[in-house]
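Engineer: need a 3D model of the following:
(chains A and B)
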Protein chains: 2
Amino acid sequence: MNRVINFSAGPSALPLEVLEAAQKETVCYKDSGMSVMEMSHRSKVYEEIIGETEKDLRALMNIPDNYKVLFLQGGASLQFAMIPLNLSKKGSADYVNTGLWSKKAIAEAKKLGKVNVVASSEDTTFNYIPKLDSNKFDDSADYFHITLNNTIYGTRFTKSKIPDTKNVPLVTDASSIILSEDIDVKKFGLIYAGAQKNMAPAGVVAVIIREDLLDIAKDDILSMMSYKIHADNDSMFNTPPTYSIYVMGLVFKWLLKMGGVPAIQKRNEEKGKVIYDFLDNSKLFKATVAADDRSLMNVPFVTGNPDLDAKFVKESSNNGFLNLKGHRSVGGMRASMYNAIDVGQVTALVDFMKKFEKENV
Amino acid sequence: MNRVINFSAGPSALPLEVLEAAQKETVCYKDSGMSVMEMSHRSKVYEEIIGETEKDLRALMNIPDNYKVLFLQGGASLQFAMIPLNLSKKGSADYVNTGLWSKKAIAEAKKLGKVNVVASSEDTTFNYIPKLDSNKFDDSADYFHITLNNTIYGTRFTKSKIPDTKNVPLVTDASSIILSEDIDVKKFGLIYAGAQKNMAPAGVVAVIIREDLLDIAKDDILSMMSYKIHADNDSMFNTPPTYSIYVMGLVFKWLLKMGGVPAIQKRNEEKGKVIYDFLDNSKLFKATVAADDRSLMNVPFVTGNPDLDAKFVKESSNNGFLNLKGHRSVGGMRASMYNAIDVGQVTALVDFMKKFEKENV
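Structural biologist: Numbers count the residues shown, from 1 in each chain, chains lettered A, B, ... in the order given. Prediction:
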């Protein structure tokens, strides 16, 4: 076994301990006599697994009791539709446009109602978080949507930039930031996050929703689109993605053992310092994102020369640093350094970049 | 490791060889340096996995070239809504009601249009497949829906009972029968099947759709609900449930190695003969389903005495035969004997039933 360092934007690296624990139990989980993949979702043994997983997420994120936690299918992409379907009263919502995923969320919402784009950073390929002018907010909007961390462009809403939307529920796509740093759940009406970046194999999306928002949808809403139906059935209205949820549970145990979100946040800040300090002083590479808005999870960078970028991607891959090619809409490089990536792995990448710099400047 | 015999209705038993192959590769897939769980769905290595999986399903089911194969999320339950959303022109469809899952499909379709229930077997707790009178079919219906095998009640449409719906596309829920016996794909406009019974861990649903049906939906359909969008993106419009699809691929390889659908069908017929012959001659147990309509995958049976049923479920479980309790809407027992269950395991169950019969008659 010769493991690479995997900087994929998602699905992405999982902690080796988690994979080894899953491997050990693949054929037979504890004394159940079967794999988790084979378990009825309604069996006692599986109900314990999903129950523990929810309990651990609640502990990790300090989720208040008046929030439901749902484990659903369809990823963030289905959430883009479920949110307007479930939260619309007036039929109009505020959105901030900070990149491709915001745009996708906006496009789905427009099929179902009115969208007021209160701010955008599209003017400079989304390399910053736009300043929000609360005068542009609609006080009676059904909800206010932000993408908390922008996977492709490497920006994030730092704490001070998260808007105060008063009585309008704040909704956020937290797919690429959940559990990497403290998120104050109370500030949000709804948080959703595809699991395939910081939590689990692809196929499950976590939805954290304030209970009062469960009762807005019309009675004739399609069953699978209804948060209320999923909540009333404890995420078991239909067969949930049982194995992905189980691996997610292993990741949560790993995080708790490490010291929870405060500990991993400290580690992520260290990782960020290692790579951004290098980028800000490099003669070859530079970070593309405004200093105040930089993501700790996704770090885009360029040389300024597409040929040299391509050479770097190729050589880094040959040296065991995988998936560093930037998204096609941005070009250059991107290192996605989710929770499973440790400081040593980022340092190894920076060492390789230093070597490349020396050889190519 | 002490594996039980798992008669769960779904998620259900997987072939031991498949689990062992998955276990071997959990931490590192071939020379990729990572787990399949960690792979970008857009990487070359993963594209090969999903491509092979589709190719093998096409081979196993003889799927004609004018059908698309999609691997989606949300299970059969989301299909109940996607079907009317995608296939409605006139806004009316024909359904046959053969059980709880048919009823759920009908309920969702009713939210979106008119439903004409052409036949039902609800009068006797769905223990037979109703005779279909083609005079009741609507020649201009958008589609005609049947549940090919009824997991809870243990009935199936045998070949001769599958209706000829002429120009109306025949749509079927094949969740608990797919790949267990020959299905003539050409007869159907759309076949869908949750994978967690005969194919894979929960979290993926296969949709086999005739290409001309992709162009009916309105342009403003929600993206995640659109077959056309998923087809145009080769099931990669959003991140697919990558690991479930990988395990599904291992199951397909296992089936191909065994001799494909003809070989597994023969084995399933043998299994059926072992248990139904016993039930038809038992002094204690009896099958609940009309002889002509019996499922080979789900075998409900009763003693006629609820206390004795409960005693049997308990003792069988203590002896390593798991999940034999019948669905709450039927009572009694049910043995789900999907492809991963072999003749020896069914024989072992029957031997145990004989012993129980001797002790309790």
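Engineer: now the helix or strand hosting residue A:264: average pLDDT?
Structural biologist: According to DSSP states H and E, residue A:264 maps onto helix A:260-281. Model confidence over helix A:260-281, given as mean pLDDT, is 98.
Engineer: which other residues reach that helix?
Structural biologist: The contact list for helix A:260-281, computed with C-beta atoms under 8 Å, 6 or more residues apart in numbering or on different chains, reads A:59-61, A:179-182, A:255, A:258, A:285-287, A:294, A:296-297, A:299, A:301, A:335, A:337, A:339, A:341-343, A:346-347, A:349-350, A:353-354. (Each C-beta comes from the backbone N, C-alpha and C, glycine too.)
Engineer: quick check: domain ranges of chain A?
Structural biologist: A:16-257, A:260-360 (automatic domain parsing).
Engineer: now the terminal residues of the shortest one, how far apart.
Structural biologist: So that's domain A:260-360. The stretch domain A:260-360 measures 41 Å between its terminal residues, going by C-alpha to C-alpha, to the nearest Å.
Engineer: now mean neighbour count and distance to residue B:148 too, for the domains of chain A, in TSV please.
Structural biologist: Shown next, in TSV, are those (neighbours: other C-beta atoms under 10 Å in any protein chain shown; distance: least, C-beta to C-beta, whole Å):
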stretch	mean neighbour count	distance to residue B:148
domain A:16-257	20	18
domain A:260-360	18	41
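Engineer: I'd like the ones you listed as TSV, with distance to residue B:73 appended.
Structural biologist: Output for the domains of chain A, formatted as TSV (distance: least, C-beta to C-beta, whole Å):
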stretch	distance to residue B:73
domain A:16-257	4
domain A:260-360	22
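Engineer: quick check: closest non-adjacent residue to the closest residue to chain B within the stretch 251-361 of chain A.
Structural biologist: Relative to chain B, the nearest point of the stretch 251-361 of chain A is residue A:323 (5.9 Å; C-beta to the nearest C-beta). Among residues not flanking residue A:323 along the chain, residue A:8 sits closest, at 3.9 Å (C-beta to C-beta, 6 or more residues apart in numbering or on different chains).
Engineer: ok, residue A:32 next?
Structural biologist: residue A:45 (5.0 Å).
Engineer: ok, residue A:100 next?
Structural biologist: Residue A:100 sits nearest to residue A:152 (C-beta to C-beta, 6+ apart), 5.4 Å away.
Engineer: is it true that residue A:195 touches residue A:201?
Structural biologist: Yes. In this structure residue A:195 lies within contact range of residue A:201 using C-beta atoms under 8 Å: 7.4 Å.
Engineer: got any residues that touch both of those two?
Structural biologist: Listed as contacting both residue A:195 and residue A:201 by C-beta under 8 Å, 6+ apart are residue A:244.
Engineer: one step back: surely the residue nearest to residue A:100 meets residue A:329?
Structural biologist: Yes. Judged on C-beta under 8 Å, residue A:152 makes contact with residue A:329 at a distance of 6.3 Å.
Engineer: which neighbours do those two share?
Structural biologist: Residues touching both residue A:152 and residue A:329 (C-beta under 8 Å, 6+ apart): residue A:100.
Engineer: look at the residue lying closest to residue A:7 once chain neighbours are set aside and tell me its secondary structure.
Structural biologist: Nearest non-adjacent residue to residue A:7, counting by C-beta to C-beta, 6+ apart: residue A:335, 4.6 Å away. Judged by DSSP: H, G, I helix; E, B strand; the rest coil, the three-state class of residue A:335 is strand.
Engineer: what does residue A:130 give?
Structural biologist: Under three-state DSSP, residue A:130 comes out as coil.
Engineer: try residue A:163
Structural biologist: Applying three-state DSSP: residue A:163 is coil.
Engineer: and what of the one 5 residues further on?
Structural biologist: Of the three states, residue A:168 takes coil according to three-state DSSP.
Engineer: can you give me the distance of residue A:158 to residue A:148?
Structural biologist: Using C-beta to C-beta, to the nearest Å, residue A:158 is found at 10 Å from residue A:148.
Engineer: for residue A:260, same thing?
Structural biologist: Following C-beta to C-beta, the distance that separates residue A:260 from residue A:148 is 19 Å.
Engineer: what does residue A:161 give?
Structural biologist: Taking C-beta to C-beta, one finds residue A:161 at 10 Å from residue A:148.
Engineer: need phi/psi at residue A:284.
Structural biologist: Torsion angles at residue A:284 (phi, psi; degrees, to the nearest 10) stand at phi -120, psi -50.
Engineer: for it, give me the pLDDT.
Structural biologist: Value for residue A:284, per-residue pLDDT: 98.
Engineer: who's in contact with the closest residue in space to it that isn't next to it in sequence?
Structural biologist: Spatial nearest neighbour of residue A:284, excluding adjacent residues (C-beta to C-beta, 6+ apart): residue A:357 at 4.3 Å. Taking C-beta under 8 Å, 6+ apart, we find residue A:357 in contact with A:282, A:283, A:284, A:285.
Engineer: who touches the third one in this structure?
Structural biologist: The contact partners of residue A:284, by C-beta under 8 Å, 6+ apart, come to A:303, A:308, A:353, A:356, A:357, A:360, A:361.
Engineer: toward the C-terminus, what is the element adjacent to the helix or strand encompassing the second one?
Structural biologist: Secondary-structure element containing residue A:308, defined by DSSP H and E: helix A:306-318. Reading on from helix A:306-318 to the C-terminus, the next helix or strand found by DSSP H and E is strand A:321-322.
Engineer: centre of the chain to that following strand, how far?
Structural biologist: 21 Å (C-alpha atoms, centre = their mean, to the nearest Å).
Engineer: now tell me what touches that strand from outside.
Structural biologist: By C-beta under 8 Å, 6+ apart, the residues outside strand A:321-322 that reach it are A:4, A:5, A:6, A:7, A:8, A:348, A:349, A:352, B:33, B:34.
Engineer: what pLDDT does residue A:2 get?
Structural biologist: Looking at residue A:2, its pLDDT reads 86.
Engineer: using the three-state scheme, assign it.
Structural biologist: Quick answer, by three-state DSSP: residue A:2 is coil.
Engineer: so it makes contact with residue B:29?
Structural biologist: No. Residue A:2 lies out of contact with residue B:29 (C-beta under 8 Å); the separation is 11.9 Å.
Engineer: ok, now how distant is the residue nearest to residue A:284 from residue A:272?
Structural biologist: Taking C-beta to C-beta, one finds residue A:357 at 20 Å from residue A:272.
Engineer: just residue A:6 next, same as before
Structural biologist: Distance from residue A:6 to residue A:272, by C-beta to C-beta: 18 Å.
Engineer: and residue A:309, by the same measure?
Structural biologist: Counting by C-beta to C-beta, the separation of residue A:309 from residue A:272 is 22 Å.
Engineer: cool, residue A:105 as well?
Structural biologist: For residue A:105 relative to residue A:272 (C-beta to C-beta), the value is 26 Å.
Engineer: what of residue A:117?
Structural biologist: On the measure of C-beta to C-beta, residue A:117 and residue A:272 end up 29 Å apart.
Engineer: where are the low-confidence patches of chain A?
Structural biologist: Along chain A, segments meeting pLDDT under 70 span A:1.
Engineer: for it, which segments count as strands?
Structural biologist: A:5-6, A:67-72, A:92-97, A:114-120, A:144-147, A:149-150, A:155-156, A:170-173, A:190-194, A:205-210, A:286-287, A:298-302, A:321-322, A:333-336 (DSSP state E).
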